[in-house]
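A.B. asks: Mind looking at a prediction? Sequence and model below.
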Amino acid sequence: MKRVRFTEEQIIAILKEHEAGGKTADLARKHGISEATIYNWKAKFGGMDVSEAKRLKALEEENAKLKKHLAEQMLDTATLRELLSKKMVGPAAKRAAVAHLQAVMSLSERRACSIVGADRKMIRYRSSRPPDAALRGRLRDLADERRRFGYRRVHVLLRREGWRHGRNKTRRIYRELGLQLRNKSPKRRVKAKLRDDRRPATRSNETWAMDFVHDQLATGGKLRVLTVIDIFSRFSPALVPRFTFRGSDVVAVLERVCKEVGFPATIRVDQGSEFVSRDLDLWAYQRGVTLDFSRPGKPTDNAFIEAFNGRFRAECLNAHWFLSLADAQEKVETWRRYYNEERPHGAIGNRPPILLQNHVGASSPPT
């Protein structure tokens, strides 16, 4: 049966017939509706005239629109919260934001674009640029060779080699590869890695990590412990507690330790004053060691030493009272030997780190 939509005038007329004594079944048969429909109309429009019924219908429609608008506003608020942690500057960032909203919030492309403020043509655009693999590789090589050259000087070198593209293209690829020079850096940091991809270590003495851990004596005196670890073997060549450390003190410890186990190719450190000191930089320059500095405020850049420091604190520092500096040195050294020679390490197959430490292949300082 085809569904008929009744106007307010028709509904009020039917209800007046019912109030005048008409039987429900007869009215339902006459107008082609069910008896339940008549009772629903009576509950909703009973006692109203046509103008009141129209006003009620208009209010219901307006209420439905307001509910829909409120739902959309709530959805927009939740969507914007999702995007608060995303930096939306440039077409690539907006494409990523729209894709995120479609995947996480199940929004349509049109809706996501309106929230982000992006044109749908821009979202659907796919670049037709060539990959420029050879240019990218050469640009990276030049940046590694000339660490203090910006993209302008690198572009000059490329032009000398025969590349005929514009400077803007060099700048774009330079930025995409993340080769920008940092604005703030120490005045002298000759052996610093200003930009280098960190690859997993493949042998012992390839990459070390170094940091400080703070503790105190039982009497309240402050202690600083220099922690050093080999990233490949997890071997700790030095754990040295002292009351204070300067750059020269760090150099003395490294010189002693490296004569025993060999010199590393790279040491990962943070931006502490002892590590950015001229003494350590000069020592690294003379010994052919590269200092790989973490970004300020990014401890995860040196995650291996942070994990080691956590184990060292839980298993040694928190397990002992240190009565004096000599007592602290003895207990710390005992734990270091246990860690290197007996303690199973999950990352290297539950073996002690000393089994992976290759003293034969250790590098030596230049003569």
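C.D. replies: Perfect, I can see it now. Keep in mind it's a predicted model, so treat the numbers as computed, not measured.
A.B. asks: Where does the prediction get shaky in the stretch 101-250 of the chain?
C.D. replies: 148, 181-198 (pLDDT under 70).
A.B. asks: Show me where it has its helices.
C.D. replies: Listed in chain order, the helices of the stretch 101-250 of the chain (DSSP state H, counting those that start in this stretch) span 109-116, 120-124, 133-145, 151-160, 167-176, 247-261.
A.B. asks: Return the set of buried residues in the shortest one.
C.D. replies: Meaning helix 120-124. For helix 120-124, a neighbour-count test (16 or more other Cβ atoms under 10 Å) marks Ile123 as buried. (Glycine included, C-beta is placed from N, CA and C.)
A.B. asks: what does it rub up against?
C.D. replies: Outside helix 120-124, the residues that touch it by Cβ atoms under 8 Å, 6 or more residues apart in numbering are Pro91, Lys94, Arg95, Val98, Glu109, Arg110, Cys113.
A.B. asks: Now with 10 Å, please.
C.D. replies: 91, 94-95, 97-99, 102, 109-110, 112-114, 116 (Cβ atoms under 10 Å, 6 or more residues apart in numbering).
A.B. asks: Which of those are buried, as a PyMOL select command?
C.D. replies: Only the buried entries of the contacts of helix 120-124 go into this PyMOL selection, using 16+ other Cβ under 10 Å:
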select buried, resi 94+95+97+98+102+112+113+116
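A.B. asks: And the pLDDT for Ala93?
C.D. replies: Ala93 carries a pLDDT value of 80.
A.B. asks: do the one 3 residues further on as well
C.D. replies: We note a pLDDT of 81 for Ala96 in this prediction.
A.B. asks: Pro353 too?
C.D. replies: For Pro353, the model assigns a pLDDT of 88.
A.B. asks: List the residues that contact it.
C.D. replies: So Pro353 contacts 204, 229-230, 232-236, 339-341, 343-345, 347 (Cβ under 10 Å, 6+ apart).
A.B. asks: Check the spacing between it and Val250 real quick.
C.D. replies: From Pro353 across to Val250, the span is 22 Å (Cβ to Cβ, to the nearest Å).
A.B. asks: can you tell me which of the contacts of Pro353 lies nearest to Lys44?
C.D. replies: Nearest to Lys44 out of those is Ala347 (Cβ to Cβ; 71.4 Å).
A.B. asks: and stretch 218-238, how far apart are its ends?
C.D. replies: End-to-end distance of stretch 218-238 (Cα to Cα, to the nearest Å): 23 Å.
A.B. asks: meant to ask about stretch 126-140
C.D. replies: First-to-last distance for stretch 126-140 - Cα to Cα - comes to 25 Å.
A.B. asks: wait, which of the helices of the stretch 101-250 of the chain is closest to Ala218?
C.D. replies: For Ala218, the closest of those is helix 247-261, at 23.6 Å, according to Cβ to Cβ.
A.B. asks: next structured bit after that closest one?
C.D. replies: strand 266-269 (DSSP states H and E).
A.B. asks: could you say what helices and strands the helix or strand just after that next one packs with?
C.D. replies: Where DSSP H and E defines the elements, the next helix or strand beyond strand 266-269 is helix 278-287. If you count contacts as 3 or more Cβ pairs under 10 Å, 6 or more residues apart in numbering; DSSP states H and E, helix 278-287 packs onto helix 247-261, strand 266-269, strand 290-293.
A.B. asks: can you do 8 Å?
C.D. replies: helix 247-261, strand 290-293 (3 or more Cβ pairs under 8 Å, 6 or more residues apart in numbering; DSSP states H and E).
A.B. asks: name the helices or strands packed onto the last one?
C.D. replies: Read that as strand 290-293. Applying 3+ Cβ pairs under 8 Å, 6+ apart, we find strand 290-293 packed against strand 266-269, helix 278-287.
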